[in-house]
Each structure stands twice: as structure tokens, then as C-alpha cells.
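K.L.:
Build the 3D model from these lines:
(one chain, ligands or ions: 1)
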Amino acid sequence: MGLISDHAAGQPFMSNPIGEPDAASNGAYPCLILNADYQPLSYYPLSLWSWQDTVKAVFLDRVNVVDQYKFEVSSPSFKMRLPSVVSLKDYVTQNREPAFTRFNLFLRDGFECVYCGDGVELTFDHLIPRRLGGQTSWTNIVAACSKCNLKKGGRLPNEARMHPKVKPFKPNMHQLQAQGRRFPPNHLHESWLDYLYWDVELER
Ligand SMILES: [Zn+2]
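P.N.:
This next block holds a predicted model:
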């Protein structure tokens, strides 16, 4: 955009971050993206933009700045505190179907084995084994720890006397989002908390 100048190659004005958290996992100064109704666009993964994308959206007039970091970027003609929370001007409807992915399946099952509740060495188990025609689908795949997976082997739940705590189902976006709220990201800026989880402490 040319509005923000890099003072030195590879050293774009980030040398004095005024005590803000490093946010290494999200890049520096990530911005929380709210829908036009001030709900996060997504909980999991939490909808975050890089500060570069955010600044661009501000200048394209697509977002309202809701809150800001203390940190300021500047060019000869322009000065701006980096946004920490923005809301979209146009509401984005969220009725798309969740993709059938490994991640979403683990998310549906809460990153726990459906048999024993353990969260380590998670794998996928076909409830009805493949050799008996079991499909790789939302309603036949569950998250299982490798121990339970091995124990169940190629047997039916009845044969193995192993039954999932919850019958596997095809989740909708709302259900996955609700699950996602239980697994907040490691880094939360304090300005995000008004828009996020009531039940999560700010990490410091
Ligand atoms: Zn298990």
C-alpha cells in the first residue's frame, strides 16, 4: 500500500514493541476479527488477521476499528495505532458445512478418546470396521487413543464391548464453534476478552 514505510530492510518498526506480548505463534500484533454482530468470525481457529491485512482492510473501509494496541506505525504522511479488534462492516453468514477433516473430527470429539477419555496419541477408529463395509464418514469415525484403537482392533463395538461415549454425528458449524470455545489459543490479547470467553483467564 505504500502507507507504511519499512525503516530498514528486515526491521520494519517492530524494534520497540512497548511491552506487548510477542504472539510469536500468530505473528506480532494479530487482530481479532469480529463479524458485523460483534461475535468472533470463528472461534476455532480463532479469527485473527496479521496487522498488515488488518491495516489494509481499514483503508479499504471494510472494517470498523473496535480496539487498538498501544503500538503505532507511521509513515511521513500518516500515523496509526495497530488495531487489536476490528468488526466487519458487512455481515458474513456462517451456514457453510464443516469440512470433514482430521482436525474437525478431533474437535468434534473434544481431542479425547471416545472410549477412555484420554487425550494422548489420538488416532481415528472406524466404529464399524472397514472390512465389514464401514465408511470413512462423520458417523463412523471417532477419535480414539492408540491404546483403545489397538484393543478394539477390527471388531464391532459389541464384539469388543467398547462403546463410544457419544454416538458419532455430523456436526454443524455452530456445534464445532461451540467446541472450539473450549480450546482457546495460547495467546489472548486483553482487548479481545470482551468479545471472547467468559470462562477463560487472560494469560500473562
Ligand atoms: Zn482410549
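K.L.:
which residue is nearest the middle of the chain?
P.N.:
Pro45 (0.9 Å; CA atoms, centre = their mean).
K.L.:
list the contacts for that residue?
P.N.:
Counting by CB atoms under 8 Å, 6 or more residues apart in numbering, Pro45 makes contact with Gly180, Pro185. Where you see a C-beta, it was placed from the backbone N, CA and C, and this is true even at glycine.
K.L.:
okay, it: pLDDT?
P.N.:
We have a pLDDT of 78 for Pro45.
K.L.:
same question, Phe13
P.N.:
As predicted, Phe13 sits at a pLDDT of 34.
K.L.:
try Asn104
P.N.:
pLDDT recorded at Asn104 is 87.
K.L.:
Point me to the helix or strand that includes it.
P.N.:
With secondary structure defined by DSSP states H and E, Asn104 is part of helix 102-108.
K.L.:
which helices and strands does that helix pack with?
P.N.:
strand 122-126, strand 141-145, helix 173-180 (3 or more CB pairs under 8 Å, 6 or more residues apart in numbering; DSSP states H and E).
K.L.:
That one: which residues count as buried?
P.N.:
Within helix 102-108, the residues that count as buried by 16 or more other CB atoms under 10 Å are Asn104, Leu105, Phe106, Leu107, Arg108.
K.L.:
What is the nearest of the residues you listed to Ala28?
P.N.:
The closest of the buried residues of helix 102-108 to Ala28 turns out to be Leu107 (CB to CB; 26.8 Å).
K.L.:
if I look at Tyr69, how far off is the ion?
P.N.:
With distances taken as CB to the ion, to the nearest Å, Tyr69 is found 43 Å from the ion.
K.L.:
Surely that residue and Arg81 touch.
P.N.:
Yes. When contacts are counted by CB atoms under 8 Å, Tyr69 is listed as touching Arg81 (6.1 Å).
K.L.:
Cys31: what's it in contact with?
P.N.:
Leu48, Trp49, Ser50, Trp51, Asp53, Thr54, Leu82, Pro83, Ser84, Val85, Val86.
K.L.:
swap the cut-off to 7 Å and go again
P.N.:
Applying CB atoms under 7 Å, 6 or more residues apart in numbering, we find Cys31 in contact with Leu48, Trp49, Trp51, Thr54, Pro83, Ser84, Val85, Val86.
K.L.:
Can you pull the residues of the chain lying near the ion?
P.N.:
Residues of the chain found near the ion (CB under 5 Å from the ion) are Cys113, Tyr115, Cys116, Asp118, Cys145, Cys148.
K.L.:
That's all I had, so thanks and see you.
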